[in-house]
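> Generate coordinates for the sequence data below:
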Amino acid sequence: MYRFFKICILCAFCIYAVQTVEAQKVAVVLSGGGAKGSAHVGMLKALEENCIPIDYIAGTSMGAIVGSMYAAGYSPDEIEKIITSKEFLSWANGKIDDKYVYYFKKDNPDASWFNLKFNYDSTLSYKLPTNIISPYQIDFGFMYFLASAGVAANNNFDSLYIPFRCVASDIAAKKAITFSHGYLPEAVRASMTYPFYFRPIKIDNRLLFDGGMYNNFPSDIAIQDFNPDIIIGCNVSSNSGTPDENDIRSQIESMLMSNTNYSVICDNSVMITPTLPRVTEFEFEKAKELIDSGYSATIKKMPEIRLFVHDSVCAEKRRVQRHKFVSSKPPLLFDSINIEGVNQSQAVYIRKSIMHRDSTFDIEQLKQEYFKLLADDKIESIYPKAIYNKNTGLFTLNINVKRDKNFVTQFGGLISSGNVNGAYIGLQYKYLGLMGIKLGVNFSIGKFYSAAQGKARFDFPSRKPFYLETSVGYNQWDYFKTTIRFFEDKLPSYLLENEINFIGEFGFPAYNKGKFIIGPAIARTREQYYQTNNFSKTDTADQTSFNLMTIHSQYSRYSLNQKQYATAGTSLLFDVRYVYGEEENVPGSTSILKDKYIKSHNWAQIKIQYDRYFKIKKIYSLGIYAEAMISNKPLFNNYTSSLLSAPAFQPTPESKAFFLPNYRANTYAVVGIKNIINIYKKIHFRLEGYLFQPYQEILSDPNLKGFYGKPFEERSILGYAALVYNSPICPISISLSYYQGKENPFSVMFNIGYLIFNKRAMD
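I've put the predicted structure just below:
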């Protein structure tokens, strides 16, 4: 009996020992959910802090992003740092980080609201865009963070630091696709491609979208592929509700998204459902708060988790295992580039644009060149892949390039409560070969401003890229149309200004945000004006013409976030110019002066302009403005022509609509301050004030001849307040302006669109 008892004890001990030796296998399943999926990071952090083993991980969409990073060897703290970074926020918004915005490639701002693109060999039809958010940042980011891990695992997701699965949707076959091997960044990119927000991706000739369309919580995949003992799930999503008849987004979601079973189909499971704040799909500004919510929810569930999970993994063991895998990841060093999707000459252009080194280059060196190429408006899209060469231990950058459409039509202008309404239309042709060529014409038609311009730009890729640009233009400003009329009868314009110009430009970059320009220009300006209000229809206006030649050198730096009503960024301009020309003044019938006047003038001038915004608080930004013009320019034959030829200070859209003598001088300095209050998303209120200090004011004597006043004797204040909505196509504003010295100093204006002029010879 005693012997039998010992045998029973021994058997029981053996059974316990076997159970102890065979460690429990724990799978973590992460749902999709956009920004709310940031909570998954908090969950992983809580599990690690409490020594819960994680043997497998599966996720969809945002769950795939977090899960892949964890499987690639990033700790929860490292993932949190990535997701809460400014860089990740720019991924989610599709905005390229300021330090990678390549100003050298950008055109001068124009009044266009939107563009329509087409090829000459296709019918002129409009297609809905396939994406709202640009994927270029996130495509590069996935390559940056995941490509090396995929190589270390030999493209087998079971050989990652943690075996991993993610799900995408094949909309043609109407089924979910599970990724267990292949190019890791591509698999994750497919899994998170939310319809209409991100451009879909093709893998093995299948067009793939967000896995959440058919399986937003892949617990079935975890059971099928990993057969775990315990599943710990984290769900931050839900099935679409009843579509709203007034909400197209809810209707589309209802059509596209299949219902997902968010329960875990196994007995040993724990479901974590964090209590989360209301956020939109891409509101990653709240990522830290969401991570904390996931952490708190997991900590509350820890007693329940421990009912199932008896094993523990100490922090040191986890650190050693993670370090071992991370050490096996090859560094992202490139020695070659392979270009697909374009012809041979286009590939040469792209290669010269992106690769300027004979030896290897790392990911940071590549990043600058990569986004420089993206800034080229002849390129529509780029998809990068880092392909590992086992023989060299280095990577080849494989980029699939899609050229932009050949033709672009532009539409825009200004709708205003003032008399400055106008329409803008442009047409561009873009060619990509051994060099980049862009030809364009544009027209502005309105009561106040009319213009026509033809332009050609030639881009040359090289280690030191540069461009040549020429333009021919005509501009006309009719200030009478924006000024109070003195008579009921329709009278000739008392101040009409026009210019015909030819401008040449040689430009090259100064780092990514700046550029240098050197160039000549020739122009003929002509002003027609009356120097008295007592004139009739039969009178003829005074006329001053100036035939000029100029050459200048300019450095500019630009990172403002809007071409009008900016709220962030910096603009800096330093311009040195020499001007030579001949003035010709022909007096009109009302002029005191009767003789024709011809005289040559020459002068040098320096212009400095600085505009910068500082974010002080979440809802408040402060802008500072400074401008200076230093010139030895002489006065012209009479007071009005001297004013018209003098540089004008026009800091706001409304100030460009008036002829304001108090804000014109040959030499002056300006200081200004801008208060920006962010009311709601794209709506802000701005309050601006400027002090204009001329060195010597231009005054008129009794004979209407111009003369200089005493140095620093007079100065003027300009005030501006506006409520602005930066809509998806153009700004909408209502403003109040104050101009010191004007007969009616206050001006109220409601504007939709842009008041932006074509470049002048002296700009």
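> now the residue nearest the centre of the chain: how far from Ile138?
Nearest to the mean C-alpha position of the chain, counting by Cα atoms, centre = their mean, stands Lys95 at 4.0 Å. Here Lys95 is placed at a distance of 11 Å from Ile138 (Cβ to Cβ, to the nearest Å). C-beta here means a position set from N, CA and C on the backbone, and glycine is covered the same way.
> just Thr396 next, same as before
21 Å.
> between those two, which one's more packed in?
Ile138 (22 against 15; other Cβ atoms under 10 Å).
> can you confirm the more buried one is in a strand?
No. Counting by DSSP: H, G, I helix; E, B strand; the rest coil, Ile138 is not found in a strand; it is helix.
> How about it, nearest residue that isn't a chain neighbour?
In this structure, Ile138 finds its nearest non-sequential neighbour in Trp91, 4.3 Å apart by Cβ to Cβ, 6 or more residues apart in numbering.
> Could you pull up the residues touching that neighbour?
137-138, 141 (Cβ atoms under 8 Å, 6 or more residues apart in numbering).
> Secondary structure element holding it?
helix 86-93 (DSSP states H and E).
> for that helix, which positions count as buried?
88-92 (16 or more other Cβ atoms under 10 Å).
> Also stretch 542-561?
542-546, 548, 550, 552, 554, 556-560.
> what's the most distant pair in the residues you listed?
Asp542 and Ser559 (43.6 Å; Cβ to Cβ).
> So what's the residue count around Tyr214?
22.
> Quick check: the nearest residue to it once chain neighbours are set aside vs Pro228, distance?
Spatial nearest neighbour of Tyr214, chain neighbours left out: Ala176 (4.0 Å); criterion: Cβ to Cβ, 6+ apart. According to Cβ to Cβ, Ala176 stands 20 Å off from Pro228.
> Please look at the residue nearest to the centre of the chain and Gln137 and confirm they touch.
Yes. Between Lys95 and Gln137 a contact is recorded at 7.4 Å, counting by Cβ atoms under 8 Å.
> Measure how far the longest strand seen in the chain is from the centre of its chain, please.
Longest strand in the chain by number of residues (criterion: DSSP state E): strand 597-615. Offset of strand 597-615 from its chain centre (Cα atoms, centre = their mean, to the nearest Å): 30 Å.
> Summarise which helices and strands it is packed against.
On a contact count with 3 or more Cβ pairs under 8 Å, 6 or more residues apart in numbering; DSSP states H and E, strand 597-615 meets strand 570-586, strand 620-631.
> Turn these into TSV, including distance to Ile382.
Shown next, in TSV, are those (distance: least, Cβ to Cβ, whole Å):
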stretch	distance to Ile382
strand 570-586	27
strand 620-631	33
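> for the ones you listed, which one sits closest to Pro731?
Going by Cβ to Cβ, the one of the helices and strands packed on strand 597-615 nearest Pro731 is strand 620-631, 16.2 Å.
> the inter-axis angle of the closest one versus strand 597-615?
160 degrees (axes from the mean of the first three to the mean of the last three Cα atoms, to 10 degrees).
> ok, strand 620-631: who's next to it in the sheet?
Taking DSSP bridges as the criterion, strand 620-631 forms sheet pairs with strand 597-615 (antiparallel), strand 668-680 (antiparallel).
> so which of the ones you listed is the most packed in?
Mean neighbour count (mean count of other Cβ atoms under 10 Å) peaks for strand 668-680 among the strands paired with strand 620-631, with a mean of 17.
> what's the helix or strand following that one packed up against?
Following strand 668-680 in sequence order, the next helix or strand is strand 683-694 (DSSP H and E). Packed against strand 683-694 by the contact rule (3+ Cβ pairs under 8 Å, 6+ apart) you find strand 620-631, strand 668-680, strand 716-726.
> Buried residues in strand 683-694, which are they?
684, 686, 688-690, 692-694.
> With pLDDT and distance to Val348 as extra columns, can I get the buried residues of helix 86-93 in JSON lines?
Listed next are those as JSON lines, based on pLDDT from 0 to 100; distance: Cβ to Cβ, whole Å:
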{"residue": "Phe88", "pLDDT": "88", "distance to Val348": "35"}
{"residue": "Leu89", "pLDDT": "86", "distance to Val348": "36"}
{"residue": "Ser90", "pLDDT": "83", "distance to Val348": "31"}
{"residue": "Trp91", "pLDDT": "81", "distance to Val348": "31"}
{"residue": "Ala92", "pLDDT": "79", "distance to Val348": "35"}
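> now, among those residues, which is nearest to Val101?
Nearest member of the buried residues of helix 86-93 to Val101, counting by Cβ to Cβ, is Ser90, at 10.5 Å.
> so who does that closest one touch?
With Cβ under 8 Å, 6+ apart, Ser90 has these contacts: 96-97, 137.
> again, but for Ser727
Lys682.
> Dump the buried residues of strand 683-694 to TSV, plus pLDDT and distance to Ser312.
Output for the buried residues of strand 683-694, formatted as TSV (pLDDT from 0 to 100; distance: Cβ to Cβ, whole Å):
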residue	pLDDT	distance to Ser312
His684	97	52
Arg686	98	57
Glu688	98	62
Gly689	98	64
Tyr690	98	67
Phe692	98	72
Gln693	98	73
Pro694	97	78
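> How about Phe685: which residues does it bridge to?
The partner residues for Phe685, given DSSP bridges, come to Ile677, Leu723.
> Tell me the gap between the helix holding Trp91 and the middle of its chain.
Worked out by Cα atoms, centre = their mean, helix 86-93 lies 11 Å from the chain centre.
> Give me the contact list for the next helix or strand after it.
Using DSSP H and E, the helix or strand that follows helix 86-93 in sequence is strand 112-118. With contacts defined as Cβ under 8 Å, 6+ apart, strand 112-118 is touched by 124-126, 404-413, 424, 426, 729-730, 753-754.
> Just to check, Arg457 is in contact with Tyr467?
Yes. Between Arg457 and Tyr467 there is a contact under Cβ under 8 Å: 5.8 Å.
> list the contacts for the residue nearest to Tyr214?
Applying Cβ under 8 Å, 6+ apart, we find Ala176 in contact with 167-170, 211, 214-215.
> Any buried residues in the helix or strand where it lies, and which?
Here Ala176 sits within strand 175-179, counting by DSSP H and E. Within strand 175-179, the residues scored as buried using 16+ other Cβ under 10 Å are 176-179.
> repeat for stretch 506-515
By 16+ other Cβ under 10 Å, the buried positions in stretch 506-515 come out as 507, 509, 512-513, 515.
> What of stretch 389-405?
394-395, 397-399, 401, 403-405.
> Stretch 409-428 too?
Applying a neighbour-count criterion of 16+ other Cβ under 10 Å, one finds 410, 412-414, 416, 418, 420-422, 424-426, 428 buried in stretch 409-428.
> mind listing which of those residues are in strands?
Per DSSP E, strands hold the following members of the buried residues of stretch 409-428: 410, 412-414, 416, 422, 424-426, 428.
> Quick check: the farthest pair among these?
Across these, no pair lies farther apart than Ser416 and Gln428, at 26.1 Å, counting by Cβ to Cβ.
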